[in-house]
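Enquirer: next come a sequence and a model predicted from it.
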Amino acid sequence: MPQSREEKLAKKREYNKTYIKKKKYGNRTSKQRAKDNWTQRGVDMTNFDEVYDLYINTHKCDLCDKIFENSYERVLEHNHTTGEVRNIVCRKCNTHKEDVSIRSDNKTGYKYIMKVKGKYKQGFYYRFEIKRDGKTFTKTRQTLEEIIVIRDKYLENNKDLYK
């Protein structure tokens, strides 16, 4: 019996969901996927089972008490330098929480300033980048001195946000 167009599309969508999930995750369990993901992000795995149990059994944000409606909203917040787990938080709190350390890919030694390949005659430029409330403020300059001035002015004008 011929199928309608809607039935064929529904059948194809269902097949694609199964195929993509199998291709992406293979036979790994959600616990194995979490371990791989956290290891890749630099989380300390010495007490993984305890952290995973805490993560799975946490149903509200440790900072704002928002109840997680699904697992996508739950985030393992950790120190990016040491890998130490700090909290289980919602995505909003995780993006608003500021790490006070200098990023590991920052070779300049100045907070919020990075050296980037390309653009100028010398083969690189400096970028000041800061994220707050889901927005990114970025400026680029040819010299480190110029970008430090821009960064300092920005932080001075927004000192109530960056204490």
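Expert: Good, I have the coordinates. Numbering: from 1, shown residues only.
Enquirer: where does the protein dip in pLDDT?
Expert: Flagging of the chain using pLDDT under 70 yields the residue ranges 1-2, 19-27, 81, 96-107, 119-120, 133-134, 161-163.
Enquirer: and it, what are its domains?
Expert: With automatic domain parsing as the criterion, the domains of the chain are listed as 5-96, 113-157.
Enquirer: redo these as a markdown table? Include mean neighbour count.
Expert: Any C-beta I mention is one placed from the backbone N, CA and C, and that applies to glycine too. Shown next, in a markdown table, are those (neighbours: other C-beta atoms under 10 Å):
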| stretch | mean neighbour count |
| --- | --- |
| domain 5-96 | 13 |
| domain 113-157 | 14 |
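Enquirer: for residue 11, see how far away residue 71 is.
Expert: For residue 71, the distance to residue 11 equals 28 Å [C-beta to C-beta, to the nearest Å].
Enquirer: oh, that last question was meant for residue 31, not what I typed.
Expert: If you go by C-beta to C-beta, the gap between residue 31 and residue 11 works out to 32 Å.
Enquirer: same thing with residue 160?
Expert: Going from residue 160 to residue 11 by C-beta to C-beta gives 56 Å.
Enquirer: next one: residue 75
Expert: Residue 75 is 35 Å from residue 11, by C-beta to C-beta.
Enquirer: my read: residue 130 touches residue 147, true?
Expert: No - the pair residue 130 / residue 147 is not scored as a contact, 12.0 Å apart, by C-beta atoms under 8 Å.
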